[in-house]
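> A predicted structure for the sequence below; I have some questions about it.
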Amino acid sequence: MARPNNPAAAAAAFEASRRVKLSAGERPDQFDLAAVLSACARLGALASGTQVHCDAVKRGFSSGGFCAAALVNMYARCSRVGDARRVFVGIACPDAVCWTSMISGYHRARRYQEALSLISRMVTMGSSPDQVTCVTVISTLASLQRLEDATTLLKRMPAPSSVAWNAVISGYAQQSGSEHEVFGLYKDMKRQGQWPSRSTFASMLSAAANVTAFVEGQRVHGAAVRYGLDRNVFVGSSLINLYAKCGCIGEAMRVFDFSCGKNIVMWNAMLNGLVRNELQEEAIQMFRYMFRLGLEAGEFTFVGVLGACAYMGSHCLGRQVHCVTMKNCMDANLFVANATLDMYSKFGAIDDAKTIFNLIAYKDSVSWNALIVGLAHNEEEEEAIHMLKQMNLDRITPDEVSLATVINACSNIRATETGKQIHCLAVKYNICSNHAVGSSLIDLYSKHGDIDSSRKVLAQVDASSIVPINALIAGLVRNSTENEAIQLFQQLLRDGLKPSSFTFSSILSGCTGLFSSILCKQVHCYTLKSGLLNDDTSLGVSLIGIYLKSKMPEDANKLLIEVPDHKSLLEWTAIISGYAQNGYSSQSFLSFWRMRSYDVHLDEATFASILKACSEMTSLTDGKEIHGLIVKSGFDSYETASSSLIDMYSKCGDITSAFEAFKQVKNKQGVTLWNSMIVGFAKNGYAKEALLSFQKMQESQIKLDEITFLGVLIACAHAGFISEGRHYFESMSKVYGLMPRLDHYACFIDLLGRGGLLQEAQEVINQLPFRPDGVIWATYLAACRMHKDEERGEIAANKLAELEPQNSSTYVLLSSQHVVAGNWSEAKIAREAMREKGVTKFPGCNWITVGNKTSSFFVQDKKHPDSLSIYEKLDDLTRMMKKDDDVEDYDMLISA
């Protein structure tokens, strides 16, 4: 009987055969029925197979050996394992073919344990497994990841076929960490004289791609050429995947171009290879070319193209591709729908993402994860947490992606208690040992200050990854336990783990004091030796930052010259910011103009950094020049740039220009923008305007934060609004749920101190929820000096001296207090105590800009080229001061 090509043909062939036999006076026998059932099995023609089953029952052939085996095979191949089992149970003595068909049915349905149980029963009943049965058993064992058992069975077979070898090789290729076993099995296969097939090469190439074993992959490629399979579509697709994963996109293109009869699988492999190698535009061009050729795009085609659109950030193009998926009726496909959902999430189009999510009929974990990740990345953390709860209610088991994302969301909004509940969920699903989940938990607890819990989480995480250790190092640094962070770093080196760039960046961020310069040099040497410094620009930037923080600008400049990528915006921004934050504002300007000479496109962060340098130098002229560049670049309506402009103008005393910059922003929804304006008004003495801005901010329903209240308290302190300041301070925790920080308490004490309420200020200090630091006592000491309260001032000064014995401002403030009170002898004692302890006062510095030149002056500075004429003028001024009768003791005043 000829093999039919479709279910209808199978039924027609059977009917034609039946009629011929009837015309000849014969009836179809069990062999005819078995042949038709085999055809139905191959074609998945369940309806036709069921009709033949009915005919076999009528004729009494259903329990015969040939028909019964064919029925079991047909139902099993048509995914009706239950029906196949019912037929199989009715067979008194099933033969090897029947056993194999039933076992294959269980294997195909992924009911592997039932397949193995049936194999055991087969052996118990005395039936000997044949070659096909053994191959099925090997495939089942491989699917259960019992690869050693599969290999043992393979080696026990007298003459295993290439199919059996391929089953084991494929199993190892699919198991992570076992890829290198594949190449050993291939050598064993060749030694036994077996001819490798396209499946063999595909599995080996897949294994090589998984571990990016480029050299091994090239050897397999050479073997495929020798066996004449290199132009096979199946092998070709695997070769493209290998070269794409190894970053050799040129080699992948050559394989693609020389392959014969390219099908959609090969096109998809090439398209996804381009996407993986960040050649998104080329991937889009290939997609368009596929359409011009009339190729029918499948689900994997659209998944790749949608991923390319997401990577490019092209919202318009992404929508067009989405329309094409709808036109091709592919938008309902789960893979395509998930990719579309992920794309909109990455665009920040959360409403569109939610719409796609709601349209997916049968959501899987990928669907939920895509939306949860999108919500979290778009700062909708609370909704991300809610979606995890809904996911759990819908009985979709959360995986490491969903749990790690939501734990990070809890960490970002300080929802520690919710994070602990999710930790319990991770324990329930046995995911705590996962690196991503463990790292997120460590970050959650460390941000809450619970370092002990962070340590316990690390002890439960698989120790083979550096990621959770990095998280704990960062947490230790964040909680000011730098010494333990250094010890953990040393331990990971002893354990043979290779530190990453993030490890070093975390360690460097915690460097303080004299030790920072030593550690910085050690890290510099290690990263040079290991090659990390050349591979990661951000690490070089971190090192430059620490050199600047350690007051080693020469080393920072040398390292800056060595950094290879002078076109990196991140590098320049970090360097400009590093100079500005560490008192090297002039160097910050030089770096900015040097960056401009390399034609690097500026962004908001760069402008914010250079404006900080303008603020530090109170250089209004330079600030206005930068303002012009911001307007020219189109960033004048952006929140970060506008906030930095407001801050710069405020610190330069030009509050009118600061307010004009504030008014220029159309969309005033950012809290940073309002905070900058409130603080600017407050520090320039415009308390009423600051409080009015605060009121308008509340009316605009902008979420207040700690900085907002800091600005309000500064305004109240400078204006003497004691009752208002007390009200705002108390409302922080009671109304807005914001716990006052150290700087809030310092402002509140300053407010009370300026109002003469020194006793109340003292009570606030005594009731602080944490130990008062130098800022608190310095603020209180300044208030005591203002109101000439020597007794309380002495107490504050002693406390300050205990905390910061080498801080010159303590002795200067105390001496000034005695001078104000007219107690010159005590002022002299304070100055002598300062000299006895070897405390030196950091020299004062002023600067003046004449034309385009800025000149800086330090105390007793003689480096200026016009120093002689400057000191002559200073002597004239000094003589004039000495003649003034209001100055009783000039020498003592100078020393103060």
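Yes, it's here.

> secondary structure element for the residue nearest to A608 when sequence neighbours are not counted?
Among residues not flanking A608 along the chain, S644 sits closest, at 4.1 Å (C-beta to C-beta, 6 or more residues apart in numbering). Using the backbone N, CA and C atoms, a C-beta is placed for each residue, glycine as well. S644 belongs to helix 639-651 when assigned by DSSP states H and E.

> what about the strands in the stretch 751-896 of the chain?
845-850, 853-858 (DSSP state E, counting those that start in this stretch).

> so what secondary structure elements neighbour the helix holding S644?
Packing contacts for helix 639-651, counted by 3 or more C-beta pairs under 8 Å, 6 or more residues apart in numbering; DSSP states H and E, involve helix 604-617, helix 620-633, helix 655-664, helix 671-683.

> just put these in JSON lines and tack on mean pLDDT.
Shown next, in JSON lines, are these (pLDDT from 0 to 100):
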{"stretch": "helix 604-617", "mean pLDDT": "86"}
{"stretch": "helix 620-633", "mean pLDDT": "88"}
{"stretch": "helix 655-664", "mean pLDDT": "90"}
{"stretch": "helix 671-683", "mean pLDDT": "91"}
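
> closest one to L274 among those helices?
helix 604-617 (31.0 Å; C-beta to C-beta).

> what helices or strands is that closest one leaning on?
helix 569-581, helix 585-597, helix 620-633, helix 639-651.

> out of those helices, which one sits most buried?
The highest mean neighbour count among those, using mean count of other C-beta atoms under 10 Å, belongs to helix 639-651: a mean of 26.

> how far away from the center of its chain is that helix?
Distance of helix 639-651 from its chain centroid, counting by C-alpha atoms, centre = their mean, to the nearest Å, is 29 Å.

> C-alpha coordinates for that helix, CSV please?
The C-alpha trace of helix 639-651 is given here as CSV (Å, rounded to 0.1, in the frame of the first residue of the first chain):
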residue,chain,number,x,y,z
GLU,A,639,14.1,68.0,35.6
THR,A,640,17.7,67.1,36.5
ALA,A,641,19.3,69.9,34.4
SER,A,642,16.7,72.5,35.6
SER,A,643,17.2,71.5,39.3
SER,A,644,21.0,71.9,38.9
LEU,A,645,20.5,75.3,37.3
ILE,A,646,18.3,76.4,40.2
ASP,A,647,20.9,75.1,42.7
MET,A,648,23.7,76.9,40.9
TYR,A,649,21.9,80.2,40.7
SER,A,650,20.8,79.9,44.3
LYS,A,651,24.3,79.2,45.6
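
> tell me which other helices or strands the host helix or strand of N369 touches.
Using DSSP H and E, N369 sits within helix 365-377. If contacts are counted by 3+ C-beta pairs under 8 Å, 6+ apart, helix 365-377 sits against helix 334-347, helix 350-359, helix 381-393, helix 400-412.

> which neighbouring elements make contact with the strand or helix carrying M326?
Element membership of M326 [criterion: DSSP H and E] is helix 315-327. If you count contacts as 3+ C-beta pairs under 8 Å, 6+ apart, helix 315-327 packs onto helix 299-312, helix 334-347.

> winner for burial among those helices?
Of the helices and strands packed on helix 315-327, helix 334-347 is the most buried (mean count of other C-beta under 10 Å), at a mean of 24.

> report the distance from stretch 190-210 to the chain centre.
37 Å.

> buried sites along that stretch?
By 16 or more other C-beta atoms under 10 Å, the buried positions in stretch 190-210 come out as 194, 196-210.
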